[in-house]
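Novice: only geometry, no sequence info:
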């Protein structure tokens with residue numbers, strides 16, 4: 001008779017990678033305000049970046065009855081890059097907060113948002129009554145936030161003040177300083193290695209008001225190549241060191257436009273040549289309106 005194999009403990013596990021954004025108010029907010037802010041910002045993000053409700057998850061931290069911060073993460077592994085844009089694009093958070101206020105039945109103002117001006121901007125039907133009081137399925141309530149329905153209140157003063165502040169704010173991303181900062185400081189903050197060319201390129205993006213990448217300094221092709229900026233929506237890879245023909249071909253095979261910006265003297269022309277990647281510039285040539293995704297570009 002064969003010896004019996006002893007029981008062994010098996011622990012299955014799974015590992016994945018997701019984009020996460022944590023928003024922590026500088027001053028504590030009450031439970032109702034945090035629940036309302038969570039629902040409003042989630043709806044604002046979905047509307048601004050045109051993603052499905054199921055693609056974004058919002059949860060309070062550290063727990064439901066002690067809400068000190070809000071955590072947003074993209075449900076799909078890899079995600080659509082919207083949280084990266086929120087953390088890096090100066091106007092993205094303001095756009096999200098403004099969209100949230102419009103979802104809460106307020107019309108956009110002429111000029112900046114203000115708490116005092118909101119009552120006059122409230123959308124109402126012909127009978128003059130409010131569309132809803134605390135919340136409805138047209139604004140902040142949804143199937144996904146049912147446990148918070150008792151706490152959500154679109155008229156919560158703290159939540160409204162926070163959204164108005166965000167709608168008038170501008171984001172400064174970690175590792176990105178103002179235009180007045182020196183290039184060397186920017187390079188050190190951005191890469192930790194004093195990469196001056198990367199800092200100059202990043203500063204050029206900010207100064208020109210161009211679209212910021214979804215991901216900076218990302219390894220590609222198994223770490224053989226560093227991509228200075230990934231633009232996921234346009235499937236573009238910006239490099240600041242000329243790749244080898246084999247590396248360029250490998251990225252092209254994956255459907256990426258490879259833009260070699262290793263020479264700063266050509267940056268102005270390249271920003272103008274690819275408005276669908278960088279935005280902010282228009283032109284009359286065919287290349288101003290189309291991108292050839294099977295082209296390796298070096299000006």
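Specialist: Looks like it arrived, so ask away. Note that the coordinates shown come from a computational prediction; the quantities given were computed from them, not determined experimentally. Numbering: from 1, shown residues only.
Novice: low-scoring pLDDT stretches of the stretch 51-200 of the chain, where are they?
Specialist: Within the stretch 51-200 of the chain, the stretches with pLDDT under 70 are 77-79, 173-195.
Novice: one more time with 80
Specialist: In the predicted model, the stretch 51-200 of the chain carries pLDDT under 80 at residues 76-80, 172-195.
Novice: residue boundaries of the strands in it?
Specialist: Assigned by DSSP state E, counting those that start in this stretch, the strands in the stretch 51-200 of the chain fall at 56-63, 66-74.
Novice: Reformat these as TSV; add distance to residue 91 and mean neighbour count.
Specialist: (Each C-beta comes from the backbone N, C-alpha and C, glycine too.) Shown next, in TSV, are those (distance: least, Cβ to Cβ, whole Å; neighbours: other Cβ atoms under 10 Å):
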stretch	distance to residue 91	mean neighbour count
strand 56-63	19	16
strand 66-74	18	17
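Novice: now those strands in TSV, with distance to residue 209?
Specialist: Below are the strands of the stretch 51-200 of the chain laid out as TSV (distance: least, Cβ to Cβ, whole Å):
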stretch	distance to residue 209
strand 56-63	26
strand 66-74	25
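Novice: Looking at the ones you listed, spot the one closest to residue 141.
Specialist: Of all the strands of the stretch 51-200 of the chain, strand 56-63 sits nearest to residue 141, with 13.7 Å by Cβ to Cβ.
Novice: now the angle from that closest one to strand 66-74?
Specialist: 150 degrees (axes from the mean of the first three to the mean of the last three Cα atoms, to 10 degrees).
Novice: quick one, helices of the chain?
Specialist: 31-49, 82-88, 92-103, 118-121, 157-167, 183-191, 196-208, 245-253, 267-273, 275-278 (DSSP state H).
Novice: Just put these in TSV and tack on mean neighbour count and distance to residue 19.
Specialist: Output for the helices of the chain, formatted as TSV (neighbours: other Cβ atoms under 10 Å; distance: least, Cβ to Cβ, whole Å):
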stretch	mean neighbour count	distance to residue 19
helix 31-49	23	12
helix 82-88	23	4
helix 92-103	22	14
helix 118-121	13	32
helix 157-167	20	20
helix 183-191	17	19
helix 196-208	18	20
helix 245-253	15	22
helix 267-273	16	26
helix 275-278	21	20
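Novice: out of those, nearest to residue 234?
Specialist: Set against residue 234 and scored by Cβ to Cβ, the helices of the chain come closest in helix 275-278, at 5.0 Å.
Novice: Relative to residue 269, which of the strands of the stretch 51-200 of the chain is closest?
Specialist: Nearest to residue 269, of those and by Cβ to Cβ, is strand 66-74 at 34.5 Å.
Novice: Name the strands paired with that closest one and say parallel or antiparallel.
Specialist: Here strand 66-74 has these sheet partners by DSSP bridges: strand 20-23 (antiparallel), strand 56-63 (antiparallel).
Novice: mind putting those strands in TSV, distance to residue 256 included?
Specialist: Listed next are those as TSV, based on distance: least, Cβ to Cβ, whole Å:
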stretch	distance to residue 256
strand 20-23	25
strand 56-63	25
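Novice: closest to residue 33 out of the ones you listed?
Specialist: In terms of Cβ to Cβ, the element of the strands paired with strand 66-74 nearest to residue 33 is strand 56-63, at 11.5 Å.
Novice: ok, residues contacting that closest one?
Specialist: Here strand 56-63 makes contact (Cβ atoms under 8 Å, 6 or more residues apart in numbering) with 22, 34-35, 38-39, 41-42, 45-46, 67-75, 82, 145.
Novice: Of all the strands of the stretch 51-200 of the chain, which one is nearest residue 125?
Specialist: When these are compared by Cβ to Cβ, strand 56-63 sits nearest residue 125, at 29.6 Å.
Novice: okay, the helices of the chain in a markdown table with distance to residue 233 next?
Specialist: As requested, these are exported to a markdown table (distance: least, Cβ to Cβ, whole Å):
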| stretch | distance to residue 233 |
| --- | --- |
| helix 31-49 | 10 |
| helix 82-88 | 9 |
| helix 92-103 | 14 |
| helix 118-121 | 32 |
| helix 157-167 | 23 |
| helix 183-191 | 22 |
| helix 196-208 | 16 |
| helix 245-253 | 16 |
| helix 267-273 | 17 |
| helix 275-278 | 9 |
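Novice: quick one, which of those helices is nearest to residue 18?
Specialist: Closest approach to residue 18 among those (Cβ to Cβ): helix 82-88, 9.1 Å.
Novice: quick one: contacts of the closest one?
Specialist: Counting by Cβ under 8 Å, 6+ apart, residues outside helix 82-88 touching it are 19-21, 45, 48-49, 51, 56, 72-74, 92-93, 96, 171, 173-174, 176, 212-215.
Novice: Buried residues of stretch 206-224, list them for me.
Specialist: Within stretch 206-224, the residues scored as buried using 16 or more other Cβ atoms under 10 Å are 206, 208, 210-214, 216-217, 220.
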